[in-house]
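A.B. asks: A predicted structure for the sequence below; I have some questions about it.
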Amino acid sequence: MLDVAVIEEPAAAEASLDPIRAGILAALAEPGSATMLAARLGLPRQKVNYHLKELERHGLVELAEERRKGNVTERVYRATAASYVISPIVLAAVSPDPARSPDQLSARWLLALGSRLVQEVGQLLTGAARAGQRVASFGIDAEVRFASAADRAAFAEELARSVAALVGRYHDESTPAGRTHRVVVGLHQVPTTTAPRGPATDTPAPTPPAPPAPPEAAQENRR
């Protein structure tokens, strides 16, 4: 079972979004038959069996084993992954394009960057899985609490300068065997269930210096 599987087919995405099928996928973190799932989910076995066949058809579940019980063969299924991500490629015609309105201070642009990241990394993972290879990647996840909007602005400026310096130091346009990577750095408030003390747009930060424009640097190898 994979840790994460990326869904790139519209029909598979539609199948995974059905509430009953999503419940079956969650239940199949541990292998089970239609009879076992029916008991777990409180559904008729025939209904579970129908949805299992649809999930299997789209590659979201797979046969784990067959058990012979008297004259009956029980089919035991498992989910193909512990969790699933639907790639924006499913909505390719209307997915956000970061090249459309690049704006370092725009939350919508940050969302477009994230969408592209999911799409590209998903394609890399899918290709690597088929080839039996691993994807070389690197990620940083951190939280920082700013005392003021001015501190946030200063942080953004310093971060932009640091990234620009690193990109300029290591980018090599002339190496024939080199691989282009993409670097994505984002900064956003952590959503909370309580109202923040001030608006998210308090004292807009000045536009940080843009890094040089090498061929898009990245978090994942392009394969």
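C.D. replies: Arrived safely. Numbering: from 1, shown residues only.
A.B. asks: so Ala5 sits in a strand?
C.D. replies: Yes: Ala5: assigned to a strand according to DSSP: H, G, I helix; E, B strand; the rest coil.
A.B. asks: Could you number the chain from 41 rather than 1 from now on?
C.D. replies: Okay, using 41 as the starting number, the last item reads as Ala45.
A.B. asks: Now it. Nearest residue, chain neighbours left out?
C.D. replies: Ala121 (3.5 Å; Cβ to Cβ, 6 or more residues apart in numbering). Glycine gets a C-beta too; all of them are placed from N, C-alpha and C.
A.B. asks: If the one you found is in a bridge, with which residues?
C.D. replies: With DSSP bridges as the criterion, Ala121 is bridged to Leu42.
A.B. asks: List the contacts of it.
C.D. replies: Residues in contact with Ala121, defined by Cβ atoms under 8 Å, 6 or more residues apart in numbering, are 41-45.
A.B. asks: can you list the domain ranges for this protein.
C.D. replies: 42-125, 149-212+220-231+238-263 (automatic domain parsing).
A.B. asks: what about Lys87, which SS state?
C.D. replies: helix.
A.B. asks: What count of nearby residues applies to it?
C.D. replies: 14 (other Cβ atoms under 10 Å).
A.B. asks: Ok, Ala51 next?
C.D. replies: Per other Cβ under 10 Å, the neighbour tally for Ala51 reads 12.
A.B. asks: does it sit in a helix or strand, and which one?
C.D. replies: Following DSSP states H and E, the helix or strand that holds Ala51 is helix 50-57.
A.B. asks: Which elements pack onto that helix?
C.D. replies: Using 3 or more Cβ pairs under 8 Å, 6 or more residues apart in numbering; DSSP states H and E, the elements in contact with helix 50-57 are helix 59-67, helix 85-97, strand 121-126.
A.B. asks: Can you add mean pLDDT and distance to Val175 and give the ones you listed back as a markdown table?
C.D. replies: Below are these laid out as a markdown table (pLDDT from 0 to 100; distance: least, Cβ to Cβ, whole Å):
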| stretch | mean pLDDT | distance to Val175 |
| --- | --- | --- |
| helix 59-67 | 94 | 23 |
| helix 85-97 | 94 | 26 |
| strand 121-126 | 90 | 14 |
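A.B. asks: So which of the ones you listed is nearest Glu183?
C.D. replies: strand 121-126 (22.0 Å; Cβ to Cβ).
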